[in-house]
Every structure is written in C-alpha cells, then in structure tokens.
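# Following is a predicted model, sequence given first.
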Amino acid sequence: MLFRILSRDRFRTLVETIMETTEVVAPKKVGVRSDGEPIHQFLPVADFDEMDLAHETTEHSAKTYFLPYRENLSTYAFSDDDWQQEVHYRIQPRAMVGLHACDINALLRLDKVFVRDHFPSPYYVSRRRNTLIIGIDHEPCEGGFCRSLGTDTVTRGFDLYLTDLGDRYFVAVGSDHGFDLLNQVGVAEISDRDTADYLEERKRIAGLFTTEVAVQNLPNLLDIEFESEVWKTWGAKCLGCGSCAMVCPTCYCYGTTERVSMDFSSGSKEKHLYACTVVDFAEVAGGHNFRPDRSTRLKYRYYHQHRGFVEAHDEPKCVGCNRCGRACLTGINPLDVIHDLQAEDEA
Amino acid sequence: MKYLGIDSVRPRIAVFELTGCEGCELQLANKEETLAAFLDAVEVVNFREISSSSSDDYDIAFVDGAVSRADEVERLEVIREHAKVLVALGSCACFGGVSRLKNAFDLNEANREVYGDRPQETLPVRAVSEVVAVDLEIPGCPVSKDEVERIVQHLIWDVPYHFPAYPVCLECKQRYTVCTYEVGLLCLGPITRAGCNAPCPAGGLGCWGCRGPAVEANAEEFLTTVHERGFTNDEIAERMSFFGGFEGLLP
Ligand code: SF4
Ligand code: SF4
Ligand code: SF4
Ligand code: SF4
Ligand code: SF4
C-alpha cells in the first residue's frame, strides 16, 4: 500500500475539485433523536461544509447508491404486434466520501455476489465502477461489533482511505485514480513521525471497542442450535417490517414488479429491495410459504449472515455495523441474539 | 386499444357512494395525466362525479363509503345483484372508516349530538363486506388512483397485481424517512399494510393506519413495544380506532 500525508486544507481542495465535475455523496446530518443524538444519512452534498465526517454512523448504509431501494431495470414500448426493450445502466460518475471501514468491507462482500459470482449484475457493476470511494477511520459506533469480524480496518475496495491525525490526514492510496487526485492537490511523502502517529491512532481506536461477539465457530453453532428456543423468543418479537434488511449494508434481496402504462403503450420492470423477515418472502406460486412463521424467518436472516454466506464466500456477510439492531423497533439485534445462542450452547 | 396485440374489451364500470366524504370517488377523477387513458380503457356507465348518465348494466361496481342507513343496505343489495365484480373502495367501504367511531357511543345519543332535535334514521356503521360479499378491497383514505389503475388493469387484462403484505415501515425506509419513534411520537406503521408509499410518517404525522392491518400484523409485540415507549392504552386505542381497520386487535 502506498501512503501519503494530506493537510486538512488540501483535503478540502480535493473534495471541492471533485465537486466541480462530479456528484459528491457524504454523511449529512438530517435530524435529531428525542435523546439529542444526531441522525446522519449518506446524501448528495453541494458544499464541503455540508458534509459531517464526524458522524458516528449513518442510519442507512452506502449500499443504496449501488443497490437502490427501487430501480428501473428496463422499459418496454409496445406497438401493435411487436415490442421494444430499453435498458439503461447508471454510468454517471459519483464520489462517495466518508465511508467507514465496515461500509467498504460491505461493498467488498456485495462485489463477491454481483461482480465475481456466476451472474454479474451490470446494474451493480456500472455503479460500482463509476463511483470513487474516499473512506475515513473513526471511533467505534454504539453497539458496533466490526472488530470481532475483522471489518474495523480495510485494505482495498476504496480509492483513498483517511486516518485523521488532528492537523493532517494519513492517506492510504487504493487506486491510481485516487493517486492522481492526490497529486492534483499536492501531498507529502510520509515521515517516520507520521507512521508512528498513524499506528498510535489505530491503537487508540482499537482500544475503544467494548462490544465483542465470538464469531469463530458461529456456522457450526448455528447448525447445532437450529431448533433452539432462542429463535422462538426472538422471533415472537419480530414485526416483519423489513427495516433490518433495508438498512443492512450487505442485504441485497429484491423483488421485481412489472407495470403497464394506463394507455397500454409502454411498460416497465422495476426492482425493489425486499427482506427475508417479511411474511411472504418465501411464498411461492400456488401460495405455499416455506417459512410460515416469524421465528423461522428471523432465523434464516441470521443463517444467511453467519452461515450460508460463509459457505458460499468464505466469510460472514455481516460486517458488524449494528444498523439492523438500531433500526429494529422491538430491539432485535445481532449482539443479543448471538449471545443468547451461545448461552444456550453452554447451558 | 390493443395490449400485446390483443384487442381489449372495455368493461362497464359504475361508482356508488354510501356514507363517506366522496374523497375516494374524487380520487378516481384525479391524476389528470392518465385520466383520459383511464376513461378510454373503461366505459363509465354510472359515476356522478364525472357524468350524469346512469345505467344498471355494469361489470365492475366500485362502492365508496360505509353502510350506516337501512336504504343503503337495500341499494347495496341491488348493486351486488348487478355487478360481476364488486370492489370496496377506500377505508370507509373496507372497514367502516372514520364514521365507525360512532359505534363506540349510544346510537341515540350520537344522533342527538349531531342532529339535535331533528334526529335522522341511522344504524351502527358497517363495512361493505359486513353486508354483502365483496370481491376486492382497496383500502386507503383516500385510495390512491395509481393503485386503482393497477387493480383495474388486473381485473380486465390480468396484469399481475399484489397488495404489499408488509407493513408501512419498509416504505419509510425506502424513502429515507426518519422514524416517527426516533422523535418520540406514535405511529401505526409497524402493523399497517404498506402500499401508500408512507406519506404520513414522511410528513411528520406518523401513520394512522388508514390501510388497515398488514398481513399477519404482529399486534401483540407492537403493543408491548409502544407501551415500553410510554404510550398509554387510551392513546393507542384512539389511534387504532380512527379508520376502523383494527377491530379485534385493540389494546
Ligand atoms: S427490523 Fe426488527 S421487527 Fe423489523 S423485520 Fe427486522 S428484526 Fe423484525
Ligand atoms: S446484519 Fe446487521 S450488523 Fe450485520 S451488517 Fe447487516 S445491519 Fe450490520
Ligand atoms: S439476510 Fe435475508 S434479506 Fe438479507 S440478503 Fe440474506 S436473505 Fe436477503
Ligand atoms: S415512522 Fe412509522 S412506519 Fe415509518 S419506520 Fe417508523 S414506525 Fe415504521
Ligand atoms: S402512512 Fe398510514 S395513514 Fe398514511 S396513507 Fe399510509 S397507511 Fe394511511
């Protein structure tokens, strides 16, 4: 990895340079909770100062810019006895600034599914290829257990990755595009002091983690606890609202709907993200539902995160951001669910 | 008009109103950009919002409003006889709607409160399906014209249409709305059927449940969770009674 030092002023210049030609999406404060805590989302920003890089986390993940909640897959024009299809991929360049390590690790997992697997998705690939990613190190978020999953640091999947050293940024360069940008605004080589400060800062951040989940043997534990009462207890609390999968940075399930215009001259196929906790997720033609009760649906969400994905892609799908736990109105969260399973196993 | 090379039939549709505000009927005449196409696709034989003609020969009857008088019961029975497909249009027709609130009071007292010394003939409020068989219910206060169009396409040309089974929350998430509970207010979204695109939480009002319960709504856990957040049974019951869709699930 190539490292450089970027002053705070030059970082501003860098973002402003990108803004001249490209849409910039970054964490933005959108509201305040009743307990006084700010709420952030990844949103387009028109000005450097609109960004809030001191955000603890964003409610929704960066995924929505690669797998939008709703996306038009194709449109059709009907004529008397023929029809024509049109497909558009989003290719306009975009820059995302302020992604945390878990967000970038989540994109790497999505890449495994939508870029490297048997059926790459051109919709995803075109967005991913045309998005510049600038990540940033940060202190752990509430309930986040990324450190347990090794997703609190990241070494690829970005163009630039910043660690704040107070008066300057220590920058990991992940692509030649990122390197070119740095050179445009002017950067310094790293000194021994910079490296020492960087390592010190990484140590400080790592020391701030208080949440931990033992995930090492989780795939086997999940198999052993397949019939566990734990699923019934937590399943009974599930509202089937799908909020968890919506905000999850790695949940990618979707449904498609076909629509026809009222004058029957055109149609469209639309994709919308879906969730395995929703009542009809596993309902098939003819009306049979393979997962008729809440506990089974919730269980399979955890199975995909921590077992199924491990089998297919050698690592859990979950990156430990706890967005699902924060979004769940009834308090269903991976820390407690996994902890209860482990307690069951030890009992 | 042809769709995929097949000539379409224009079904004859009729629209009737019972006890309600006629807002749902107005919605039918709304969405100007597709209104002409809509009226091309169907033949309106009975709809006083847009035409003065009237006929008893129709395929699809849209009934808007709840049943609250004896003469409405009679009218509804006649409509049921004539219609091949009877659609309950809007929350009043589907659940009784706002006027169902009346059922919580003594009927005579309610009558006096509203009409003073000129009492009107009245019955406890019922949904259309409590009086005659209904083929399809389109909830909403008011209904969304978009949903009506898609259901008409479904009824006539078999274009697939499914009401969303999930609760409103999913649509809130899909439009980045900050959850009403985050700011300490009540919302029925977690137990209400989506499909409206969650405008009320986005507007800061929370959901009032006009579309009735989601499929297998988890009312029990919902009540536990809102109690924990400090809302009282009275507040919750008042909200859940507003459109009449949650009878049987009230705290
Ligand atoms: S957010 Fe919570 S209640 Fe909603 S589907 Fe997910 S686990 Fe269930
Ligand atoms: S499952 Fe939950 S904790 Fe894991 S990545 Fe998804 S939102 Fe984050
Ligand atoms: S956890 Fe559920 S919603 Fe998320 S990707 Fe897996 S099956 Fe889909
Ligand atoms: S505002 Fe209401 S409907 Fe929206 S997510 Fe929150 S609880 Fe669900
Ligand atoms: S958010 Fe609730 S009250 Fe508002 S339109 Fe939708 S279902 Fe009706």
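Happy to help now that I have it. Residues are numbered from 1 along each chain as shown, chains lettered A, B, ... in the order given. Ligands and ions are numbered 1, 2, ... in the order given.
# burial of A:Ser191, as a residue count?
Counted with other CB atoms under 10 Å in any protein chain shown, residues neighbouring A:Ser191 total 10. Using the backbone N, CA and C atoms, a C-beta is placed for each residue, glycine as well.
# Quickly list the domain ranges of chain B.
With domains defined by automatic domain parsing, chain B comprises B:2-157, B:168-244.
# of these, which approaches A:Met1 most closely?
Smallest distance to A:Met1 across these (CB to CB): 34.3 Å, for domain B:168-244.
# Tell me the confidence at residue 118?
I'll assume chain A. Note for A:His118: predicted pLDDT of 93.
# wait, I meant chain B there
B:Arg118 is assigned 91 on the pLDDT scale.
# One more: B:Lys2?
The score at B:Lys2 is 65. That number is its pLDDT.
# same thing with B:Glu49?
64.
# Check the spacing between the closest residue to A:Lys232 other than its chain neighbours and B:Thr180 real quick.
Nearest-residue entry for A:Lys232: A:Ser295, 4.9 Å, with adjacent residues in sequence omitted and distances by CB to CB, 6 or more residues apart in numbering or on different chains. Separation of A:Ser295 from B:Thr180 (CB to CB, to the nearest Å): 27 Å.
# Could you tell me whether B:Phe16 really is in a helix?
No: counting by DSSP: H, G, I helix; E, B strand; the rest coil, B:Phe16 falls outside a helix, being strand.
# quick one, what contacts it?
Taking CB atoms under 8 Å, 6 or more residues apart in numbering or on different chains, we find B:Phe16 in contact with B:46, B:61-64, B:75, B:79.
# For the chain, just list every one of the strands.
Just so you know, I chose chain A. Per DSSP state E, chain A carries strands over the ranges A:2-7, A:23-32, A:38-45, A:70-79, A:82-86, A:94-99, A:131-136, A:160-164, A:168-173, A:254-260, A:266-273.
# wrong one, I was asking about chain B
Using DSSP E, the strands found in chain B span residues B:2-3, B:6-7, B:12-17, B:43-46, B:60-64, B:85-89, B:136-138.
# Between those, which one is closest to B:Gly97.
Going by CB to CB, the one of the strands of chain B nearest B:Gly97 is strand B:60-64, 9.9 Å.
# partners of the closest one, with directions?
Strands that pair with strand B:60-64, judged by DSSP bridges, come out as strand B:12-17 (parallel), strand B:85-89 (parallel).
# Taking chain B, what residue is nearest to ligand 2?
B:Lys173 (12.0 Å; CB to the nearest ligand atom).
# State the distance from that residue to A:Gly235.
Going from B:Lys173 to A:Gly235 by CB to CB gives 21 Å.
# cool, and A:Asn333?
Counting by CB to CB, the separation of A:Asn333 from A:Gly235 is 14 Å.
# okay, now A:Asp117: neighbour count?
A:Asp117, neighbours per other CB under 10 Å, totals 12.
# got it, and A:Lys112?
A:Lys112: 16 neighbours (other CB under 10 Å).
# Let me see the contact set for it.
A:His313 are the contacts of A:Lys112 under CB under 8 Å, 6+ apart.
# What pLDDT is listed against it?
Note for A:Lys112: predicted pLDDT of 98.
# rewinding a little: quick check: chain neighbours aside, which residue is closest to the residue of chain B closest to ligand 2?
Nearest residue to B:Lys173, sequence neighbours excluded (CB to CB, 6+ apart): A:Met246, at 3.7 Å.
# my read: the one you found touches B:Leu170, true?
Yes: using CB atoms under 8 Å, A:Met246 is in contact with B:Leu170, at 6.5 Å.
# shared neighbours of these two, which are they?
Counting by CB under 8 Å, 6+ apart, the residues touching both A:Met246 and B:Leu170 are A:Ala275.
# Pull the contacting residues for the nearest residue to A:Gly174 once chain neighbours are set aside.
Once flanking residues are discounted, A:Gly174 sits nearest to A:Phe158: 4.5 Å by CB to CB, 6+ apart. Listed by CB under 8 Å, 6+ apart, the contact partners of A:Phe158 are A:99, A:104, A:133-135, A:172, A:174-175, A:178.
# where's A:Phe158 relative to ligand 3, distance?
Note on A:Phe158: its distance to ligand 3, by CB to the nearest ligand atom, to the nearest Å, is 23 Å.
# and what of A:Leu218?
14 Å.
# burial of that residue, as a residue count?
20.
# now do A:Arg116
Quick note: A:Arg116 (other CB under 10 Å) scores 9 neighbours.
# who's in contact with the residue sitting nearest the centre point of chain A?
Of all residues in chain A, the one closest to the mean position by CA atoms, centre = their mean is A:Pro249, 2.4 Å from it. Residues near A:Pro249 by CB under 8 Å, 6+ apart: A:61-63, A:102-103, A:106-107, A:319, A:321, A:323.
# Contact partners for whichever residue of the stretch 1-150 of chain A sits closest to ligand 1?
Residue nearest to ligand 1 within the stretch 1-150 of chain A (CB to the nearest ligand atom): A:Glu59, separated by 12.5 Å. Shown in contact with A:Glu59 (CB under 8 Å, 6+ apart): A:39-41, A:247, A:323, A:326-327, B:178.
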